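S.K.: Need a 3D model of the sequence below.
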Amino acid sequence: IPVAELCRQEGVSVSTFYSWRAKYGGMEVSEAQRLKELEEENRRLKQMYAELSLKSQLQEEIIKKL
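M.R.: Next up is the predicted model:
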């Protein structure tokens, strides 16, 4: 099946298909799952850092006001 036809059936662009192929092309299923898990963990850690950074800034502002 041609790539263009496959993309049309699945509702993704051809450029997205090639991006995914470049990213996941040589991976086994378990490797792709592990990558997804790591990306999710990274997202959660970034969120935690952002929240703690904001909290720290607020605390510094409160201390300066005292």
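S.K.: show me where this protein has helices.
M.R.: Counting by DSSP state H, one finds helices in the chain at the ranges 3-10, 14-24, 29-65.
S.K.: How confident was the prediction at the residue most central in space within the chain?
M.R.: Among the residues of the chain, the one closest to the centroid is residue 39, at 5.1 Å (Cα atoms, centre = their mean). Among the per-residue scores, residue 39 shows a pLDDT of 96.
S.K.: just residue 64 next, same as before
M.R.: 92.
S.K.: I'd like to know how many residues surround it.
M.R.: Using other Cβ atoms under 10 Å, residue 64 has 7 other residues around it. C-beta: built from backbone N, CA, C; applies to glycine.
S.K.: in this protein, which ranges drop under the pLDDT threshold?
M.R.: The model of the chain has no residue with pLDDT under 70.
S.K.: the residue most distant from the middle of it, which is it?
M.R.: The chain, Cα atoms, centre = their mean, max distance from centroid: residue 66 (40.7 Å).
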